[in-house]
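Visitor: predicted model and sequence below, questions to follow.
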Amino acid sequence: MNWQALIPLIGLLLIIFGVGIWAGKYMKSSSTFLQEYFLGGRNMGGFVLAMTMTATYGSASSFIGGPGVAYNEGLGWVLLAMSQVATGYFVLMILGKKFAIVTRKYNAVTMVDFLKERYKSKWVVLLSAFSIIIFLFSAMAAQWIGGARLIESLVGISYTSALFIFALSVLIYVTIGGFRAVALTDAIQGTIMFVGTLILLIAVVIAGGGISTIMTDLSTENPNLITPFGADGSLTPTYVSSFWILVGVGVVALPQIAVRAMSYKNARSMHRALIIGTIVVGFIMLNMHLIGVFARPVLPGIEVGDKVMPLIALKVLPNWLAGVVLAAPMAAIMSTVDSLLLLVSSSIVKDLYLNYVRPDASHVRVKRLSIGITAVLGIIIFIMALNPPDLIIWLNLFAFGGLEAAFIWPIVMGLYWRKGNKYGALASMVVGVGLYILSESFFPQPLGLHSVVLPIVLSFVAYVVASLSTQNRSI
């Protein structure tokens with residue numbers, strides 16, 4: 001067992017547990033449990049907001065899966081990944097003040113709360129909640145696999161043992177602290193990511209003999225590795241540009257990101273988060289994916305892409321420093337897992353149970369149910385993650401696409417188009433999700449585009465047509 005690398009990770013977990021226990025005090029003193037547990041009392045400052053968006057979005061697919069694909073595909077994947085730079089900026093610009101004002105007016109705690117008040121439809125709520133639960137299960141499974149892979153490679157224990165350690169750690173501190181613990185630990189984790197990726201990139205470049213030597217080695221192995229088109233030429237301009245829809249524009253519709261846009265303190269906090277978030281995301285995404293490409297000549301022959309990050313860190317850094325640096329992807333994974341756990345938990349408790357099962361449930365019952373369901377969800381995902389794929393990024397991107405196809409137009413058009421109604425929202429969600437699943441199953445790249453593009457375009461048409469043709473019937 002690699003104790004030198006393990007000790008820094010244990011130190012990070014202890015800090016996180018401390019923050020979770022401290023944040024738990026706010027829940028005890030808060031008169032509005034749901035607002036505090038799921039939104040941190042709507043009191044996030046600019047730096048914390050930027051870091052919680054960065055750490056939530058920069059998940060296991062960015063820090064474990066992304067470098068793994070970059071290792072296989074070369075610089076073309078780095079170019080594709082950089083379309084994520086403006087995501088946080090784009091989300092806060094589109095949703096921003098209007099979303100915060102409207103959700104406060106509705107007293108919305110979740111994104112589905114907003115949809116419920118905007119469209120006044122039980123079916124919109126039910127379809128939304130089920131979409132979140134179904135697609136986020138695959139996203140959460142990806143994160144748990146990433147965390148276990150990292151611990152497995154770093155510590156030298158079996159995958160199952162690593163998965164158990166990771167699952168237990170996450171469940172304890174999410175259950176204790178809720179959203180405030182998540183947001184505050186995200187600020188710590190985002191800082192670790194920023195510094196850790198820079199240290200590792202420099203170490204990999206030095207180990208490879210400098211950038212020019214690394215480029216020569218890559219070109220000698222396969223000239224396509226240093227082109228924008230990927231190792232086998234599959235990254236066509238059409239596909240790469242359409243990827244912007246999935247990881248750029250469409251991120252507006254991800255519930256775990258949208259909920260951040262209703263949790264900040266004031267306009268100044270939002271404006272500060274726009275700047276900080278864009279810089280941090282750009283810096284981290286570029287570094288992480290370059291590390292994946294540059295690792296190929298330094299450590300050839302890695303078969304499981306998700307092990308590239310921990311293995312290269314242990315190769316080019318002293319063990320103790322590798323432990324510190326690998327706290328960054330561990331931080332990213334934990335921050336995403338905790339956010340997704342809270343999101344699915346809130347969909348079950350707030351959107352289904354309190355709306356349609358027991359609207360008069362007591363404060364104590366809601367609290368116990370929220371914490372209990374969060375724990376049960378964690379156990380289910382643990383079982384799902386026992387048999388992992390080689391590259392978790394595809395699980396994560398599948399979840400992204402499904403959520404975007406379901407929610408992008410009901411959210412954006414619901415904010416900005418008064419004629420949009422419940423029929424439009426339902427039509428958009430059914431068309432978007434249905435076409436996305438069909439496309440993923442049978443036509444992975446229709447017209448050379450990513451499979452999320454046509455569902456998003458056609459769900460927009462469905463939203464507009466259904467809303468306009470049912471104006472006299474709308475509420």
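Guide: Good, I have the coordinates. Just so we're clear, the structure is a prediction, and the values are computed from it rather than from any experiment.

Visitor: tell me the secondary structure for residue 257?
Guide: helix (DSSP: H, G, I helix; E, B strand; the rest coil).

Visitor: surely it is in contact with residue 90?
Guide: No: using Cβ atoms under 8 Å, residue 257 makes no contact with residue 90, being 10.0 Å away. The way it works is simple: take the backbone N, C-alpha and C, and place the C-beta from them, glycine included.

Visitor: those two: who's more crowded?
Guide: More crowded of residue 257 and residue 90, by other Cβ atoms under 10 Å: residue 257, with 23 against 18.

Visitor: could I get the pLDDT score of the more buried one?
Guide: pLDDT recorded at residue 257 is 74.

Visitor: how much space separates it from residue 149?
Guide: 24 Å (Cβ to Cβ, to the nearest Å).

Visitor: what sits against residue 97?
Guide: 267, 270 (Cβ atoms under 8 Å, 6 or more residues apart in numbering).

Visitor: hey, which helix is longest across this structure?
Guide: helix 159-207 (DSSP state H).

Visitor: chain center to it, what's the gap?
Guide: Relative to the chain's own centre, helix 159-207 is displaced by 13 Å; criterion: Cα atoms, centre = their mean, to the nearest Å.

Visitor: need the overlap of contacts for residue 257 and residue 90.
Guide: Counting by Cβ under 8 Å, 6+ apart, the common neighbours of residue 257 and residue 90 are residue 251.

Visitor: so what pLDDT did residue 423 get?
Guide: For residue 423, the pLDDT comes out at 94.

Visitor: next, count neighbours for it.
Guide: 24.

Visitor: with residue 246 instead?
Guide: Residue 246: 20 neighbours (other Cβ under 10 Å).

Visitor: swap in the one 10 residues further on?
Guide: Neighbours of residue 256 under the rule other Cβ under 10 Å: 22.

Visitor: now do it against residue 11, distance only.
Guide: Applying Cβ to Cβ, the value for residue 256 to residue 11 is 27 Å.

Visitor: OK, contacts around the closest residue in space to residue 206 that isn't next to it in sequence?
Guide: Counting by Cβ to Cβ, 6 or more residues apart in numbering, residue 316 is the residue found nearest to residue 206 once chain neighbours are left out, at 7.4 Å. By Cβ under 8 Å, 6+ apart, the contact set of residue 316 is 200, 203-204, 206-207, 298.

Visitor: which stretches in the stretch 201-350 of the chain count as helices?
Guide: Per DSSP state H, counting those that start in this stretch, the stretch 201-350 of the chain carries helices over the ranges 211-221, 237-247, 255-258, 267-298, 308-316, 319-325, 327-346.

Visitor: mean pLDDT for the ones you listed: which is lowest?
Guide: Among the helices of the stretch 201-350 of the chain, helix 327-346 scores lowest, at a mean of 71.

Visitor: what's the first helix or strand after it?
Guide: Toward the C-terminus, helix 327-346 is succeeded by helix 363-384 as the next helix or strand (DSSP states H and E).

Visitor: how about that following helix as PDB, C-alpha atoms only?
Guide: These are the backbone C-alpha positions of helix 363-384, laid out as PDB (Å, rounded to 0.1, in the frame of the first residue of the first chain):
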ATOM      1  CA  HIS A 363     -40.400  19.200   8.900                       C
ATOM      2  CA  VAL A 364     -38.900  16.200  10.800                       C
ATOM      3  CA  ARG A 365     -40.300  13.700   8.400                       C
ATOM      4  CA  VAL A 366     -39.000  15.600   5.400                       C
ATOM      5  CA  LYS A 367     -35.500  15.900   7.000                       C
ATOM      6  CA  ARG A 368     -35.300  12.200   7.800                       C
ATOM      7  CA  LEU A 369     -36.600  11.200   4.300                       C
ATOM      8  CA  SER A 370     -34.100  13.500   2.500                       C
ATOM      9  CA  ILE A 371     -31.200  12.100   4.400                       C
ATOM     10  CA  GLY A 372     -32.500   8.500   4.100                       C
ATOM     11  CA  ILE A 373     -33.100   8.700   0.400                       C
ATOM     12  CA  THR A 374     -29.600  10.200  -0.200                       C
ATOM     13  CA  ALA A 375     -28.100   7.200   1.600                       C
ATOM     14  CA  VAL A 376     -30.200   4.600  -0.300                       C
ATOM     15  CA  LEU A 377     -29.300   6.200  -3.600                       C
ATOM     16  CA  GLY A 378     -25.700   5.900  -2.700                       C
ATOM     17  CA  ILE A 379     -26.000   2.200  -2.100                       C
ATOM     18  CA  ILE A 380     -27.900   1.600  -5.400                       C
ATOM     19  CA  ILE A 381     -25.100   3.500  -7.300                       C
ATOM     20  CA  PHE A 382     -22.400   1.400  -5.500                       C
ATOM     21  CA  ILE A 383     -24.100  -1.800  -6.800                       C
ATOM     22  CA  MET A 384     -24.300  -0.300 -10.400                       C
END
